[in-house]
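[1] below are the sequence and a predicted model for it; my questions follow.
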Amino acid sequence: MPTFADHFDAQSQWRRAVCDRVGEFMRFLQAHRLADEGAGELLAALTERLASDRLIVAFVAEFSRGKSELINAIFFGDTGRRVLPATPGRTTMCPVELAFDAAEPPSLSLLPIATRLDCVSLSELRQQPARWSRLVIDLTDPDALPQALQEVTRTLSVSLADARQLGFWDDQRPDDNPPLEAFERVLVPAWRHALINYPHPLLRQGLVVVDTPGLNAIGAEPELTLGLLPSAHAIVFVLGADTGVTKSDKAIWCDHLDARGLSRFVVLNKIDALADPLLPVAGITAQVESQRRATAASLGLPLAQVFALSARQALAARVTADDEGLAASGIEALEQALAAELLPLRRNALREQVVTTALRLESDAARQLGGERREVAEQLIELAALRGKSGGRLALLLKRVDADAAEFEQCTSRLQALRSVHARMLKEALAELSSDQLRSEVEHLQAEMAASLLHLGARRAFAGLCQRLRALLSQAGRRDQELREMLAAQFERLNTDFGFVLAVAPAVDLDRFTVELDVIERSYLQFLGLGHVVRLANLKFREQFRRMLVARLRVVFETASAELERWSKTTSALVDTQLRDRRRGFRKRREALQRVQAAAGELESRLAELTQDTERLSGLARRVAELGQAVRDEAANVDSRLPTAARAA
């Protein structure tokens, strides 16, 4: 049966094939001057996404549920060893991200826990390499990665006062505090976050795996629940098969994972612990199924999203190539579900962007070629009428060309006015999405929270912020629509009066940024509904909260702003390209008439050239259509690349 790795590898091959087709299309358009600057940027952005699309899968559990072993079994069984530490007890002490960036050496980067005292968000610290400790991994040594990863289990012994400052001790929640060591010392994680850059085949192809420590423990990293988990494409929640849903597990689920929009899979791990020599196999199977049903009911999930398995048994079976043991482990059902639900969602989103971009570029190129063919046809008619005509007729045509060119140049004043209005309306739309506007709204939030008693109005204030931000996105959308309507009306007049073939590019989809804002709102409202709201009285925690929030919101607003600017640049480039091409057309008409005037035999030669130009442009139009169709066909050709068993299913 195909594994998750097989499905993921097939999708990666499909992305590469589509990327090759897109590259071929782009090179052809650029070679024949059929792609302006805006089209080039659009194709480059699509190629970049196809090459670097990432799938983020986060594993969440209380301590000692076996999530690290599950990651080993699903993704690293081919290494022939246990990669992530998975010994009994608390192993993963900080969030661990496994990914690959070819621009960086294979390494383990560790962020010291003391950075919590600086109130600098994790997203900001990612841009400051000097703040991280890096351990380079020797790829020639098979023990190098597992040995380096032992570092994520390291702890520090700190004073009680330091533990409070770092957020690992809360006098208001004594039952949740870690054990107090001798001399009032507390063991805390040595690291705040870990990044593993490793050239595993799946990681090379864009998989990102997030291994988390217990989310409901004192000292849980806020950005884990406010940033990493909401951005994941899937959450795998690991429980103990022998315990089912404990009170602690239910708290994690309700506080962090019970949100719409998340693809969630629940694993009852360690079914091997239910083995009982005094029970028949059927009795043990019935116990497992009963636990699955109880878990699904407790978490409000369909039974099909709950999987019972043994990660340890699965890893051992993969390492020893034991097919029977692998089937008995139960892991294959989870892998098939991950592949069936996650990969098509990512694939469909990519396919839609590929098809939309290809159709748009085909349309733009066809419009440009149509304009050029029309100009050539006009010249053919004009020159064919000169057969047997006098030199006076040529002189009249030259004057006509000059008059037409002069009349055409009258469009420049209208184009200049259009550019001015375009720039003003774009500026108004972008103002709604500016950093200053965003900063002002967050400062308004802070003022409202500061005015509320013990910050208990934080949820209401945050909901108000999100409502205002949605209004800004909506207003930007309305201004963009007004801009598009203005351009469409002006383009229609320019096309009629001056022979342009201008068309407004498809609108930017700002609704998807509203959806991203909804995700941020849900995660932060859940966070503020916990005991964390009381911590807002702490100045450092409040500043960290603000910086985390601004960092996430800035990504949404800056991306929306960048897409609006790219749309505007594409539209402006279209006008500039057609203006340049029309001027070149007038120049070529004049030069042709002058050659005919200078040499009697030049007329037939020029007519032959124009006939060839007509054939050349028709050939280009056919080739553009063929290449665009090839891109769309490749985008739709994913099924042929899926593993055989998946296609049959």
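    Good, I have the coordinates. These numbers were taken from a predicted model, which means no experiment stands behind them.
[2] return the helix or strand in this structure with minimum mean pLDDT.
    In the chain, no helix or strand scores lower on mean pLDDT, DSSP states H and E than helix 644-648, which sits at a mean of 47.
[3] pLDDT score assigned to the nearest residue to residue 152 once chain neighbours are set aside?
    Spatially, and ignoring its direct neighbours in sequence, residue 152 is nearest to residue 194 (5.0 Å; Cβ to Cβ, 6 or more residues apart in numbering). The way it works is simple: take the backbone N, C-alpha and C, and place the C-beta from them, glycine included. What the model reports for residue 194 is a pLDDT of 93.
[4] check the one 4 residues further on too.
    Looking at residue 198, its pLDDT is 90.
[5] ramachandran angles for it?
    phi -140, psi 130 (degrees, to the nearest 10).
[6] you'd agree it is up against residue 105?
    No. Contact criterion Cβ atoms under 8 Å: residue 198 and residue 105 do not qualify, at 10.3 Å.
[7] list residues touching both of the two?
    Residues touching both residue 198 and residue 105 by Cβ atoms under 8 Å, 6 or more residues apart in numbering: residue 137.
[8] ranges for the strands of the stretch 151-300 of the chain?
    Counting by DSSP state E, counting those that start in this stretch, one finds strands in the stretch 151-300 of the chain at the ranges 155-159, 185-189, 191-197, 207-211, 234-240, 264-269.
[9] residue 129: neighbouring residues, count only.
    Neighbour count of residue 129, defined by other Cβ atoms under 10 Å: 10.
[10] mind listing residues that contact stretch 241-255?
    Outside stretch 241-255, the residues that touch it by Cβ under 8 Å, 6+ apart are 60-62, 214-216, 225, 237, 239-240, 268-271, 273-274, 288, 291, 294-295, 298-299, 308, 526, 529-530.
[11] re earlier: which of the strands of the stretch 151-300 of the chain sits closest to residue 604?
    Checking those against residue 604 by Cβ to Cβ gives strand 207-211 as the closest, at 64.7 Å.
[12] name the strands paired with the closest one and say parallel or antiparallel.
    Strand 207-211 pairs in its sheet with strand 55-61 (parallel), strand 96-99 (antiparallel), by DSSP bridges.
[13] can you tell which of those is closest to residue 329?
    strand 55-61 (16.9 Å).
[14] what angle separates the very next helix or strand once past that closest one from strand 207-211?
    Once strand 55-61 ends, the next helix or strand along the chain (criterion: DSSP states H and E) is helix 67-75. Angle of helix 67-75 versus strand 207-211, following axes from the mean of the first three to the mean of the last three Cα atoms, to 10 degrees, is 160 degrees.
[15] could you export helix 67-75 as PDB, CA atoms only?
    Extracted C-alpha coordinates of helix 67-75, given in PDB (Å, rounded to 0.1, in the frame of the first residue of the first chain):
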ATOM      1  CA  LYS A  67       4.100  12.000  19.200                       C
ATOM      2  CA  SER A  68       7.800  12.100  18.500                       C
ATOM      3  CA  GLU A  69       7.800   8.400  17.900                       C
ATOM      4  CA  LEU A  70       4.800   8.900  15.500                       C
ATOM      5  CA  ILE A  71       6.800  11.500  13.600                       C
ATOM      6  CA  ASN A  72       9.700   9.100  13.300                       C
ATOM      7  CA  ALA A  73       7.400   6.300  12.100                       C
ATOM      8  CA  ILE A  74       5.600   8.400   9.400                       C
ATOM      9  CA  PHE A  75       8.400  10.500   8.000                       C
END
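[16] could I get the average pLDDT for that helix?
    Helix 67-75 comes out at a mean pLDDT of 87.
[17] then stretch 315-328?
    Here the average pLDDT along stretch 315-328 is 91.
[18] what of stretch 25-33?
    Rounded mean pLDDT across stretch 25-33 is 89.
[19] hmm, who's touching that stretch?
    Contacts of stretch 25-33 (Cβ under 8 Å, 6+ apart): 34-35, 39-40, 43-44, 47, 358, 361, 365, 620, 623-624, 627-628, 630-631.
[20] now the buried members of these.
    Neighbour counting with 16 or more other Cβ atoms under 10 Å marks 34-35, 39, 43, 47, 358, 361, 365, 620, 624, 627-628, 631 as buried within the contacts of stretch 25-33.
[21] in CSV, list the residues you listed along with secondary structure and distance to residue 407.
    Output for the buried ones among the contacts of stretch 25-33, formatted as CSV (DSSP: H, G, I helix; E, B strand; the rest coil; distance: Cβ to Cβ, whole Å):
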residue, secondary structure, distance to residue 407
34, coil, 27
35, coil, 30
39, helix, 29
43, helix, 35
47, helix, 42
358, helix, 37
361, helix, 32
365, helix, 28
620, helix, 29
624, helix, 31
627, helix, 37
628, helix, 35
631, helix, 40
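[22] nearest to residue 547 among those?
    residue 47 (33.4 Å).
[23] identify the farthest-apart pair in the buried ones among the contacts of stretch 25-33.
    47 and 620 (22.0 Å).
[24] any low-confidence regions in the stretch 301-450 of the chain?
    Within the stretch 301-450 of the chain, the segments meeting pLDDT under 70 span 388-391.
[25] what ranges does it have for its strands?
    With DSSP E, counting those that start in this stretch as the criterion, the stretch 301-450 of the chain has strands at 306-308.
[26] which residue ranges of it form helices?
    311-320, 323-329, 331-384, 391-408, 411-431, 435-451 (DSSP state H, counting those that start in this stretch).
[27] in the first one, which residues are buried?
    Same thing as helix 311-320. Those would be 311, 312, 313, 314, 315, 316, 317, 318, 319, for helix 311-320 by 16+ other Cβ under 10 Å.
[28] pretty sure residue 238 is touching residue 61, no?
    Yes. With contacts counted by Cβ under 8 Å, residue 238 reaches residue 61, the gap being 3.8 Å.
[29] joint contacts of the two?
    In contact with both residue 238 and residue 61: residue 67, using Cβ under 8 Å, 6+ apart.
[30] and the angle from the longest helix anywhere in the chain to helix 435-451?
    The longest helix of the chain (DSSP state H) is helix 539-598. With the same axes, to 10 degrees defining the directions, helix 539-598 sits at 160 degrees from helix 435-451.
[31] who touches residue 39 in this structure?
    So residue 39 contacts 29, 361, 364, 570, 573 (Cβ under 8 Å, 6+ apart).
[32] which among these count as buried?
    29, 361, 364, 570, 573.
[33] for those, give me JSON lines that also has distance to residue 440.
    Output for those, formatted as JSON lines (distance: Cβ to Cβ, whole Å):
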{"residue": "29", "distance to residue 440": "42"}
{"residue": "361", "distance to residue 440": "39"}
{"residue": "364", "distance to residue 440": "39"}
{"residue": "570", "distance to residue 440": "30"}
{"residue": "573", "distance to residue 440": "33"}
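[34] and residue 517, how far from residue 459?
    As judged by Cβ to Cβ, to the nearest Å, residue 517 and residue 459 stand 16 Å apart.
[35] do the same with residue 554
    For residue 554, the distance to residue 459 - Cβ to Cβ - is 22 Å.
[36] quick one, which of those two is more surrounded?
    The neighbour comparison of residue 554 against residue 459 (other Cβ under 10 Å) goes to residue 459, with 18 against 15.
[37] now whichever strand or helix holds the more buried one against helix 411-431, angle please.
    Element membership for residue 459, per DSSP H and E: helix 458-498. If you take the same axes, to 10 degrees, helix 458-498 sits at 170 degrees to helix 411-431.
[38] what helices or strands is whichever helix or strand comes after helix 458-498 leaning on?
    As assigned by DSSP H and E, the chain's next helix or strand after helix 458-498 is helix 511-528. Helices and strands touching helix 511-528, as assessed by 3 or more Cβ pairs under 8 Å, 6 or more residues apart in numbering; DSSP states H and E, comprise helix 229-231, helix 458-498, helix 539-598.
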